[in-house]
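*Asks:* Structure, please.
(2 chains)
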Amino acid sequence: MPEGSIKDGIGASVRRKEDKRFLTGSGRYTADISRPGQLHVHFVRSVYAHANIKAIRTGAAEKADGVVAVFTGEHVAADGIGGPICGWVVTNRDGSPTNEPPHPILANGKVNYVGDHVVAVIAESLEQAMNAAELVEIDYEVLAPVVDLATAGSGVQIHENVPGNMYFDFELGDEAAAEAALDSAATIVELEVRNNRLIPNAMEPRAALAEYDPIDEAYTLFTTSQNPHLTRLVIGAFMLSIPESKLRVVAPDVGGGFGSKIYVYPEEAVCTWASKKLQRPIKWTADRSESFLADAHGRDHINKVRMALDKGNRITGLRVDSVANIGSYLSAFSVVTPTILHAPLLSGCYKIPAIYTNVKGMATTTAPVDAYRGAGRPEATYLLERVMDKAARQVGMDPAEFRRMNFIPKDAFPYQTPVALQYDIGDYEPPLDKALEMIDYKGFEARRTEAASRGKYRGIGLSSYIEACGIAPSAVAGALGARVGLYESATVRVDPTGTVNVFTGTHSHGQGHDTTFAQIVADKLGVDIGSVQIIHGDSDKIPFGMGSYGSRSLAVGGAAIAKAVDKVIDKAKIIAAHLMEAADADVVFADGKFTVAGTDSEKGFGDIALAAYVPHNYPHDRLEPGLEETAFYDPLNFTYPSGTHIAEVEIDPATGVVELVDWACCDDFGNLINPMIVEGQVHGGIAQGVGQALLENAHYDDTGQLITASYMDYCMPRADDLPNFKVDYTVTACTHNDLGVKGCGEAGAIASPPALINAVIDALSPLGVTDMSMPASPEKVWRAINDAQAEAAE
Amino acid sequence: MHHTTYVKAASADDAVAEMADGAQLLAGGMTLLPTMKQRLASPESVVDLAGCGLAGIEDAGDSVRIGAMTRHTDVAGSSLVQKAVPALAALAGGIGDRQVRNRGTIGGSVANNDPSACYPAAVLGLGGTVHTNKRDIAADD
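*Replies:* Predicted coordinates:
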């Protein structure tokens, strides 16, 4: 395990290199890039949730000032343009495949959600395009919408090849064993929960700028993407049917993604296609309303949970029946998020001998739903940690002790769960104990009493989570229906003067990779961190990589970088041996210096670099000149961060407002590269989880209109909603990557919602309130209190 | 936003004349401008009331008179309002954020009369009177 031996190495809280440009407004985002002669595209979007298109009249728009072209689905179909593909599908219970409907980049005769792309108006200026768009007339034959997830199966059929509006019917686990456990249980705990739909709200809305070079017959697409190579593969090979090598995709600075910028969207494909048709660069920038309407949404499950306990209150079985809202089209990871990334997490941190789950993925006339910070794991953790709390209450046990009793013990690893995953290593009690101590769990009842004397209800709630990230071993993914591999690439190119360039197939859109990856390289090579450049985001420069999501950048991307650096060191040692006239085996590399054991011979890393590129004195018979190595790393397993979060709330019964008064968390992320950045990730994740649990909710009315389509109606968490977080860590190093890292980007968002809701229920349980749904808005809480008091009065 | 012409009125009469020509009155712009940016309103011209001398807070003996163009931040920071009607100063200090309070006006808020907004509720709760260039309106009305 590498140790931080220099001040900016592994384990140091180095300030982020990228912050200088971000904090001074000097970031270079897609919308900042302009090309001479560029045109602007504005989309006419459907105002109905479900309708047939009878006619589109574009004549007036085409004649409007500055308009160069107006395209519809007919133009797209005539050019044979394909739609965005679903990158990972599953096999149904009955062996049939996922039903995949057509997904045109401009509507082909039918619209399926409010915001669906119908017409692309292209003009010299954005204002001209927007004005002309208002002149487009569309005759719609309105159809009944399908909005309610619970009844989507009996709604009007949306897609011809998706009967019953069911894209897939997935199962995992052993149904007979789970049912047997429930039949013979001493106690059964039942719970239905809703994981509310969220809208990602990355700070930077999506944008794209595409240009076509007629001499090279090649395209360049600048786009807000978390994974430029995937975008290139999908648009090049599957949508435009051009040689992949003729499309360069660049994702420059990207202002947040959280999953919403993984997929290939119609807008960027339209820009790319149109750039050749019109022989001019085409630029598009979303406004915030479009982000609300047409960015892929997140979550939206209904889960029915049944847990079996024996007489000793140990969990013997778990059954979860779920419906997941996938929306109107299959977005890239929309099928796998509620299945492969969700179902295998249902064991949590606990020893559960029998587990079964069935997940039905439903179509509705709403925006496509796909991965959003946590992607399937928040949904699993929420239902599990809610039922754990309910179970503890039902059998009269303290929620912390009930969890402790059911934890997988630390000597049981590697631990094979009954839901496919094998956890490599873990130790769940220390984080629980640390969190209990940090929040002063023992002193809570006194605080509850004190709050009551002020007329307030105080509650405390836990969540002990585990998550699977660092996706993924390609063979496993393929066996589970993935259409892509999930390795990562890294090239480490040393310059003649010893500076280092690292090309990574991951992408940084807020995670701070420019800094953390440089720390790894600086640490391993013993060079100054200022001499290490991290390059990402340009398909022309970087070997094929899979991008950043699923907390994979460090565990997979970082591991690839470490491997490539090791190859560099191996080659450098041979060169050093030659220069120092020693045997390879006698050369030692440490702190940036090559030495020969037992002598005072020494060569610096810079000496070796120069020798490699000016190979006058060089072992040409054994080695090629140069010092550049590439590694592709396919992980051996997922990684399994885990921990415990504890929330403390105080509720004012007069207003229903839930105040978050304290938060303590202890997470095991394996080794930490930059503790400051890790803490930032934890803070951000908790903020998003608090947003889901207390404030945010994406709501369509029963005509399929998105009611929460601006910040007036969709409530984002703000700094004053949050307490100072008490954050600590334990470390059980990941056993299967050299850095011993697990990843940390999503854990906060996964752990936090159930901790908060459990705290709210705990606060109100003296009143007889036993359930609370997300978001726990003031009105909802106030009504729950009043209903409980009314009932008690009867 | 659709194209619009901006006119700055020198007086209330000036503004009334512009209105007769079809212009939309612009007070703080905290409601009108976002509406225009969303293309939900497209007045051909907007007439800015900022130069009409309609701002100011006055001690009227048994009442406090607040000019329609008085910004929220000035109501919140006024020692007269803080003494006479502290709840009103607190209310003004909690509207929106700092930028909104520097621009938004009591007149604009009351004229817009959104039931979920702060000032209309305050006018009602305090039994205030709204004086326009044409009439006086009691809160209950």
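*Asks:* which SS class is residue B:92?
*Replies:* Secondary structure, DSSP: H, G, I helix; E, B strand; the rest coil: residue B:92 is helix.
*Asks:* Just confirm it contacts residue B:82, I think it does.
*Replies:* No - counting by CB atoms under 8 Å, residue B:92 does not reach residue B:82; the two are 10.1 Å apart. (Glycine included, C-beta is placed from N, CA and C.)
*Asks:* got the contact list for residue A:304?
*Replies:* Residue A:304 makes contacts with A:190-192, A:320-322, as judged by CB atoms under 8 Å, 6 or more residues apart in numbering or on different chains.
*Asks:* Which strand residues bridge it?
*Replies:* residue A:192, residue A:321 (DSSP bridges).
*Asks:* Ok, the one 5 residues further on next?
*Replies:* Residue A:309 forms beta bridges with residue A:187, residue A:315, as assigned by DSSP bridges.
*Asks:* go on, residue A:644?
*Replies:* The partner residues for residue A:644, given DSSP bridges, come to residue A:464, residue A:666.
*Asks:* Report the secondary structure state of the residue of the stretch 201-350 of chain A found nearest chain B.
*Replies:* Nearest residue of the stretch 201-350 of chain A to chain B, counting by CB to the nearest CB: residue A:289, 7.0 Å away. Look at residue A:289: counting by three-state DSSP, its state is helix.
*Asks:* and what of residue A:690?
*Replies:* Residue A:690 - assigned by three-state DSSP - is helix.
*Asks:* ok, now which ones touch residue 15?
*Replies:* I'll assume chain A. A:515, A:676.
*Asks:* not what I meant, chain B
*Replies:* By CB under 8 Å, 6+ apart, the residues touching residue B:15 are B:9, B:25, B:47, B:49, B:52.
*Asks:* what helix or strand is it on?
*Replies:* Using DSSP states H and E, residue B:15 sits in helix B:12-20.
*Asks:* Count the residues that sit near residue 61.
*Replies:* You didn't pick a chain, so chain A it is. 23 (other CB atoms under 10 Å in any protein chain shown).
*Asks:* right idea, wrong chain: chain B
*Replies:* 7.
*Asks:* Show the model's pLDDT score for it.
*Replies:* Looking at residue B:61, its pLDDT reads 92.
*Asks:* Tell me the spacing between it and residue A:620.
*Replies:* 101 Å (CB to CB, to the nearest Å).
*Asks:* residue boundaries of the strands in chain B?
*Replies:* B:5-8, B:24-26, B:45-48, B:57-59, B:64-66, B:129-131, B:136-138 (DSSP state E).
*Asks:* Make TSV from the ones you listed and add distance to chain A to it.
*Replies:* Formatted as TSV, these follow (distance: least, CB to the nearest CB, whole Å):
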stretch	distance to chain A
strand B:5-8	15
strand B:24-26	19
strand B:45-48	17
strand B:57-59	29
strand B:64-66	26
strand B:129-131	25
strand B:136-138	27
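*Asks:* Quick one: mean pLDDT for the lengthiest helix in chain A?
*Replies:* Longest helix in chain A, counting residues (DSSP state H): helix A:559-579. Averaged across helix A:559-579, the pLDDT comes to 95.
*Asks:* Now do it: which elements does it pack against?
*Replies:* strand A:488-494, strand A:500-504, helix A:513-525, strand A:587-590, strand A:593-596, helix A:605-613, strand A:628-633 (3 or more CB pairs under 8 Å, 6 or more residues apart in numbering or on different chains; DSSP states H and E).
*Asks:* Tell me who's in contact with the closest residue to residue A:128 other than its chain neighbours.
*Replies:* What sits nearest to residue A:128 in space, not counting adjacent residues and going by CB to CB, 6 or more residues apart in numbering or on different chains, is residue A:66, at 3.4 Å. By CB under 8 Å, 6+ apart, the contact set of residue A:66 is A:123-125, A:128-129, A:132.
*Asks:* can you rerun that using 6 Å?
*Replies:* Neighbour list for residue A:66: A:123-125, A:128 [criterion: CB atoms under 6 Å, 6 or more residues apart in numbering or on different chains].
*Asks:* where in chain A is pLDDT low?
*Replies:* A:1-6 (pLDDT under 70).
*Asks:* what separates residue A:529 from chain B, distance-wise?
*Replies:* 38 Å (CB to the nearest CB, to the nearest Å).
*Asks:* To what extent is that residue buried, counted in neighbours?
*Replies:* Per other CB under 10 Å, the neighbour tally for residue A:529 reads 18.
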